[in-house]
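Asks: no sequence on this one, just coordinates:
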């Protein structure tokens, strides 16, 4: 049984569990939207004194911060107890495309070229991580949600704004993947 | 212990993000290159079940654990903010290979470089808050 769990989980198992998490949060009287935590953290850090957008009762969002802490613990548990240590099995065509960009085939879940400590402490590597983070944080709040809030929760409720946001996610993702990434890497 | 249930839900979320490999930069690249069904399968399954569940909740006017009616609030009508905001988000998603949830899952998994990404995501959100009145919505 443990051996089975330690394999990568198939998409239909993972998708089902993600939907279940959304409904569990709804049943708890809340909703599934992870990037709201970024705003809550800004507010908790005192951002509301300078910027009105962060002046709200952030303590009502504590439940979501607890969910965030759980996600960190979940990642730790997966790495320590539920992993068979094998690299992610992406398709051969992705491996050869990425090789042209100087990214070697997976040896774990993340490319060393971007996420090793050597990369973090290089100027270029640090700027890539920083730029990626800024755009995710800025864009998710501008769009009013991220993958969980729009692509999962919003689309489940057949909301047109969420569909527009998801189209934007892909427009940006494709632009980065095919146009900008070859220039950056 | 009203928070314990959210902690457990978060733990399950973290485990599933890691075990589905949705937290991997490689998987996000593979998705944007349309070279595997994997990520589309995950999101497609979640949304299909989500649509069905939300439909049933509305049809049978279900209540949450506190006995309150479950409400779904329509998001503000607009195109520009969702399209521009979404595009900026997508640029960052494909570059860092992580949206906000998977960022912290990576940190727990041991990819400490994601701490940098997460801190700058907080900064990005702060920047949005600071200039939001000047942006088209």
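Replies: Great, that's in hand. Computed from a predicted model, the values in this text were never measured in an experiment.

Asks: residues in contact with residue 54?
Replies: No chain specified, so I'll use chain A. Neighbouring residues of residue A:54 by CB atoms under 8 Å, 6 or more residues apart in numbering or on different chains: A:39, A:42-43, A:47-48, B:126, B:129. Backbone N, C-alpha and C define where each C-beta goes, glycine included.

Asks: meant chain B actually
Replies: Residue B:54 is in contact with A:156-158, B:72, counting by CB under 8 Å, 6+ apart.

Asks: any chance of the contacts of residue A:54 in a markdown table, with pLDDT too?
Replies: Below are the contacts of residue A:54 laid out as a markdown table (pLDDT from 0 to 100):
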| residue | pLDDT |
| --- | --- |
| A:39 | 97 |
| A:42 | 98 |
| A:43 | 97 |
| A:47 | 95 |
| A:48 | 95 |
| B:126 | 98 |
| B:129 | 97 |
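
Asks: mind listing which of these are in helices?
Replies: A:39, A:42-43, B:126, B:129 (DSSP state H).

Asks: Identify, from the residues you listed, the entry nearest to residue B:98.
Replies: Lowest distance from residue B:98 to these (CB to CB) belongs to residue A:39, with 18.0 Å.

Asks: ok, that closest one - how many residues close by?
Replies: Other residues near residue A:39 come to 24 when the count uses other CB atoms under 10 Å in any protein chain shown.

Asks: roughly how far apart are it and residue B:30?
Replies: Note on residue A:39: its distance to residue B:30, by CB to CB, to the nearest Å, is 30 Å.

Asks: can stretch A:122-136 be found next to chain B?
Replies: Yes: using CB under 8 Å from any CB of the partner chain, we find that stretch A:122-136 touches chain B at A:126, A:128-136.

Asks: ok, the residue most central in space within chain A - contacts?
Replies: Taking CA atoms, centre = their mean, the centroid of chain A lies closest to residue A:147, which sits 7.5 Å from it. Applying CB under 8 Å, 6+ apart to residue A:147 gives the contacts A:34, A:169, B:43, B:93, B:99, B:101.

Asks: quick one: which of those sit in strands?
Replies: Using DSSP state E to define strands, no part of the contacts of residue A:147 is located there.

Asks: Would you format those residues as JSON lines with distance to residue A:15 included?
Replies: Formatted as JSON lines, the contacts of residue A:147 follow (distance: CB to CB, whole Å):
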{"residue": "A:34", "distance to residue A:15": "17"}
{"residue": "A:169", "distance to residue A:15": "17"}
{"residue": "B:43", "distance to residue A:15": "7"}
{"residue": "B:93", "distance to residue A:15": "18"}
{"residue": "B:99", "distance to residue A:15": "16"}
{"residue": "B:101", "distance to residue A:15": "15"}
